[in-house]
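Colleague: let me see the structure of the following:
(2 chains)
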Amino acid sequence: MKLKARHKRFILIGIGLALIALAATLILNAFRSNMVFFYTPTQVEKGEVPKDTGFRIGGLVVPGSLKRDDDGLTVHFVITDTSKTVQVIYKGILPDLFKEGKGVVAQGKVDASGLFVASEVLAKHDENYMPPEAAEALKRARENSTSTLVVPK
Amino acid sequence: MIPEIGHFALILALLVALVQGTFPIIGAARRNSVWMGLAVPAARAQFFLVATAFFCLAYAFASMDYSVTYVATNSNSKLPLQYRIAAVWGGHEGSLLLWAFILNVWTVAVSFFSKHLPDQLRARILGIMGLISIGFILFMLTVSNPFERLIPAAFDGRDLNPLLQDPGMVFHPPMLYMGYVGFSVAFAFAIAALIGGQLDATWARWSRPWTTLAWVFLTIGIMGGSNWAYYELGWGGWWFWDAVENASFMPWLVGTALIHSLAVTEKRGGFKAWTVLLAICAFSLSLLGTFLVRSGVLTSVHAFATDPRRGLFILMFLVVVIGGSLALFAWRAPKIGRGGMFQVVSRESFLLANNVLLAVAAISVLLGTLYPLFLDALGMGKISVGPPYFDTVFAPLMTPAVFLMGLGTLARWKKAELPELSIRLRWAFGVSLATALILPFILGHWTPMIGLGLFLAFWIFTTTVNLLINQLKSNQLSLIFKIKSIPRSWWGMVVAHLGIGFFVLGVTIVKGYESETAVKMLPGDVAHLAGFDFTFDGIKEVQGPNYLSEKGQITVSVMGKEKTHLFPEKRLYTVQNMPMTEAGISPGVFNDLYASLGEPLEGGAWSVRIYYKPMVEWIWAGCGLMAIGGLLALSDKRYRMKKRGQILAVENKGVA
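Modeller: Residues are numbered from 1 along each chain as shown, chains lettered A, B, ... in the order given. Down below sits the predicted model:
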């Protein structure tokens, strides 16, 4: 059976559109499942954070809170937005500019005991640079100490 | 005095750019040859003026003139000369000047190598490049002047960010910009053709070498950036899907689509509208990339608000250039006419499919890069989109693209036979599949991703061998003669495609078999990784020109036999009191050994990170091959064709 050229073209355009739709679905799906949201220590304290997926927190490293286990690699520290604090544990080497009293962003999950288990600790390469997320956390804490925060959902 | 000369040259350059951007284009419409004739001298005068401004700024850096604000914020008297020069493009204002300078390099090159073009087309191309230049120079003169004075002058400069004090800084940004800005030539050709309504095979032939050259620069630029990140950041990664990297990757994806679509337009007269659209998109993404990286919008969208005039200017400029050219496209494209017909199974349709895949890939990168910025700008919360998103999207998009690449080079134009193709490629398919299934077990372990990657890499290698055999056995002539008779552009294609194969192989092996460990080490301690023994010999203090360094030594041995030494460093740049990690790397064809120092612990111990990176160098070798392929294609003799006695001008093109 020989198809007419016009019909053939319609079928091809149809296939093309279907493939593009497939690609779009794939991309949007991947996008949705890989978005990492940002929360402030206040939100963590109030339990407004997701239970099973990872997220980012930001703030300042509380001076004097940095402790190291005997293996030399596991570190404990506390992040604050000046209003609330979060305990963080991280196993690995900290970035060059990680310092007590400076801004920091960590990505990870909260475990059953409320401890934030970081998989990644970010601090940028500029002495006076405040990671945008950390600055945002401080700003939000300043703006109101208790309620009605904009929850990024 | 010198900075004022630079500033003045920039003002004059703006005036010349105004002439270059208006008279030739109007002249072309009215067929006024005097007005059109202004294009070439204006382009050359503008080049001279912008070059003067650029060298004045470089001089201010070299002579440590801290009465210039930009110099004082980006340099320091302790900074070695090569980094003082590189600091010219270390910040926002200077990189704009570099951009404008490189735009003028391209423009003046077009003015020299366009003698064979029709006068109208030539005037329009140079005019459009003049218009782009107006935007950049105006931006500098109004809101980001690199020559602004600091009164009273600073005693010393604030220093260049230590992260940028690296040979990479000297080469990477100029290469990248040569690529970005090079697409302005393709863009100008496309817009000029839209205005003139002459989009034909000759147009594609003229536009092609410029586009290929820009693409070569961009490829080298991205390769350099990736390699720089690998040895400088100390994390052993070679691509982070960082917004800055994405900004250079998007024009590359679209540019790759463009050079292939131009091939169809030249050879078959097809895809005309699509080619023009790609040219517009490639340049628009280059502009977007420049501004994303250089406006500070990535650090914080609110940095925009600290100087609203800058943000506003950038947005307006993007809207005018992108919106204007797309509007022109919508208006004129229907008149371009359609290309030749082709069957579903043909080289055209394989190339079209690949083009669409590359475009979709670029859109997915754009989404991942811009969406978080939009959310943040609209105050709807902060999110980040990490590497998992890009990895998830790229594997399914690039798999069919690479597969079709193997088919496309073998398929005939217009109409190919699927049965014939499949018979020809039986063994290529078989060999690739067998390699994908067996090789991983020899190397260690098998995962679906390793299998897929190896299949694709070997698919490229085997289809290339098939293609070569086919080219060389076609007739009775001697082998040497046949090799000589094949055009250089064909070799260029083969080499560039092999580059993709090298790249895919490198990525697959390093992702599949890399390993790392982080350990606490006292001098004399030994760490084991991937069959190598790493002995920590201790730390030595070393004084650098503007930093103090704690330099570690690690001896690598296999079964007690010494192989090599690694020298990771922890530097403290004294001006800004900023610590920096320098990785110690022993590169090799089959593996890289990589060590970086963490922090000093009690009792002279250090935390040390050690990585084993098999075949990671193949990634950059692959990029290098792609660039060499582009250069081979450029040296093809049809670009040196003698035309109405302009042998000399056209022959020089290979050098341009």
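
Colleague: ok now stretch B:593-602, how far from the chain's centre?
Modeller: 32 Å (Cα atoms, centre = their mean, to the nearest Å).

Colleague: buried residues of it, list them for me.
Modeller: Within stretch B:593-602, the residues that count as buried by 16 or more other Cβ atoms under 10 Å in any protein chain shown are B:593-599, B:601. Placement of C-beta: from N, CA and C, glycine included.

Colleague: got the contact list for it?
Modeller: A:68, A:72, A:93-94, B:234-236, B:518, B:520, B:532, B:534, B:550, B:552, B:554, B:556, B:564, B:566, B:568-570, B:581-586, B:606-613 (Cβ atoms under 8 Å, 6 or more residues apart in numbering or on different chains).

Colleague: so which of those sit within strands?
Modeller: A:68, B:518, B:520, B:532, B:534, B:550, B:552, B:554, B:556, B:564, B:566, B:569-570, B:581-582, B:584-586, B:606-613 (DSSP state E).

Colleague: okay, now the unreliable bits of the stretch 501-650 of chain B?
Modeller: Of all residues in the stretch 501-650 of chain B, those with pLDDT under 70 make up the ranges B:640-650.

Colleague: cool, and chain B?
Modeller: Applying pLDDT under 70 to chain B flags the ranges B:296, B:299-307, B:474-477, B:640-656.

Colleague: would you list every one of the strands in it?
Modeller: Remark: strands assigned in chain B by DSSP E are B:383-385, B:515-521, B:526-529, B:532-543, B:547-558, B:561-566, B:569-573, B:578-582, B:584-586, B:591-600, B:606-614.

Colleague: got it, and chain A?
Modeller: Under DSSP E, chain A gives strands at A:35-39, A:55-61, A:67-68, A:74-80, A:85-91, A:103-110, A:116-122.

Colleague: out of the ones you listed, nearest to chain B?
Modeller: Between chain B and the strands of chain A, the shortest gap by Cβ to the nearest Cβ is with strand A:35-39, which sits at 3.9 Å.

Colleague: how about A:Leu115: what's its closest non-neighbour residue?
Modeller: A:Gln87 (5.2 Å; Cβ to Cβ, 6 or more residues apart in numbering or on different chains).

Colleague: so that neighbour touches A:Phe116, yeah?
Modeller: Yes. Counting by Cβ atoms under 8 Å, A:Gln87 touches A:Phe116, with 6.5 Å between them.

Colleague: of those two, which one has the most company?
Modeller: Between A:Gln87 and A:Phe116, A:Phe116 has the larger neighbour count (other Cβ atoms under 10 Å in any protein chain shown), namely 22 against 17.

Colleague: count the neighbours of the closest residue to B:Ser75 other than its chain neighbours for me.
Modeller: Among residues not flanking B:Ser75 along the chain, B:Gly157 sits closest, at 4.3 Å (Cβ to Cβ, 6+ apart). By other Cβ under 10 Å, the residues close to B:Gly157 number 24.

Colleague: quick one, what contacts B:Gly237?
Modeller: Contact analysis of B:Gly237 by Cβ under 8 Å, 6+ apart lists B:229-230.

Colleague: skipping its backbone neighbours, what lies nearest residue 120 in space?
Modeller: By default, I'm working from chain A. Per Cβ to Cβ, 6+ apart, closest to A:Glu120 is A:Gln107, 4.4 Å.

Colleague: not quite, I wanted chain B
Modeller: Nearest residue to B:Gln120, sequence neighbours excluded (Cβ to Cβ, 6+ apart): B:Ala28, at 4.4 Å.

Colleague: just put the strands of chain B in CSV and tack on distance to B:Leu456.
Modeller: Output for the strands of chain B, formatted as CSV (distance: least, Cβ to Cβ, whole Å):
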stretch, distance to B:Leu456
strand B:383-385, 25
strand B:515-521, 23
strand B:526-529, 28
strand B:532-543, 29
strand B:547-558, 32
strand B:561-566, 32
strand B:569-573, 38
strand B:578-582, 34
strand B:584-586, 28
strand B:591-600, 22
strand B:606-614, 18
